[in-house]
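Chemist: no letters, just coordinates:
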């Protein structure tokens, strides 16, 4: 069974860059036709898809975040990472990593989520 675990600081100052990693076990991030996503949920709001990196290393981003977001991967560590620059308090959220097969809309596995607060 695939397990995902988010890691990173829980507090980020405004204007700084938020950096999170998702450590994957029980499966490889290079397994064909799987896509590894970052999703967040702000207080009182629904889930927001942020971006994805696919099995072959291709990355795609939400248009609303495209100017600030970068998703990368380290295949030697079997993990993928999120960087979100120029954060504001509106970026305060629980951040999740999740995986799904590209041909299926439903996510197969989720991390437990990590709270990130943007505050000075």
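Modeler: Thanks, I have the structure now. Nothing here was measured: the structure is a model prediction, and the numbers come from that model. Residues are numbered from 1 along each chain as shown.

Chemist: report the secondary structure state of residue 90.
Modeler: When states are read from DSSP: H, G, I helix; E, B strand; the rest coil, the local structure at residue 90 comes out as helix.

Chemist: cool, residue 115 as well?
Modeler: Note that with three-state DSSP, the state of residue 115 is strand.

Chemist: ok, it - contacts?
Modeler: Listed by Cβ atoms under 8 Å, 6 or more residues apart in numbering, the contact partners of residue 115 are 10, 93-95. Every C-beta, even on glycine, is put in place using the N, C-alpha and C of the backbone.

Chemist: that's a strand at residue 77, yeah?
Modeler: No - assignment of residue 77 by three-state DSSP gives coil, placing it outside any strand.

Chemist: how about it: what's its closest non-neighbour residue?
Modeler: With Cβ to Cβ, 6 or more residues apart in numbering as the measure, residue 23 is the residue that lies nearest to residue 77, at 7.5 Å, once sequence neighbours are left out.

Chemist: dig out what that neighbour forms beta bridges with.
Modeler: Per DSSP bridges, the residues bridged to residue 23 are residue 5, residue 79.

Chemist: what about it, how many neighbours?
Modeler: Other residues near residue 23 come to 17 when the count uses other Cβ atoms under 10 Å.
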